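*Asks:* my questions are about this predicted structure, shown below with the sequence.
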Amino acid sequence: MVYLDLIFNLSLLVALSVVSGFLDKRFSRETRTGALLQGTLFGAAAVVGMLRPLNLGPGLIFDGRSVMVSLCALFFGPWAALVAFALPAASRILMGGMGALTGVLVALSSAGIGLAAYFPRKQQSDS
């Protein structure tokens, strides 16, 4: 069953990249609309991944949320990162439980890490 969950999470990432490419052609990532749409796409994919996590052991799960949020922030900037963070954070709060605070902090730190790499990358490409 572990393999099925891993395949599901990886196929979700592949589908996300394909749809993101289509969105990027239609709505430029330089516009606020494009960034918000990308953030919604990445955030929704993170929520879907959270609903079917990879269970590595009792209490030890991997759902790809941190990867999706940080990649969204890295490639699409702060507006996209805000939305990509908000959707899985709200979902994790609604799920409740002991790990709710940790789950929200993981999403927040992932957005921060992505943005920490986004700004130097953007300055370098603007030069």
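*Replies:* Cool, the structure landed. For clarity, every value in this text was computed on a predicted model and none was experimentally measured. Residues are numbered from 1 along each chain as shown.

*Asks:* which strands and helices lie in contact with the top helix by length along the chain?
*Replies:* The single longest helix within the chain, with elements called by DSSP state H, is helix 100-126. Helices and strands touching helix 100-126, by 3 or more CB pairs under 8 Å, 6 or more residues apart in numbering; DSSP states H and E, are helix 65-76, helix 78-95. Any C-beta I mention is one placed from the backbone N, CA and C, and that applies to glycine too.

*Asks:* assign residue 56 to helix, strand or coil.
*Replies:* strand (DSSP: H, G, I helix; E, B strand; the rest coil).

*Asks:* nearest residue to it in space, please, no chain neighbours.
*Replies:* The spatially closest residue to residue 56, leaving aside those adjacent along the chain, is residue 62, at 6.2 Å (CB to CB, 6 or more residues apart in numbering).

*Asks:* per-residue pLDDT of the one you found, please?
*Replies:* pLDDT, residue 62: 72.

*Asks:* picking up where we left off before, deepest-packed of the helices and strands packed on helix 100-126, please.
*Replies:* Neighbour counts (mean count of other CB atoms under 10 Å) averaged over each of the helices and strands packed on helix 100-126 peak at helix 65-76, with a mean of 24.
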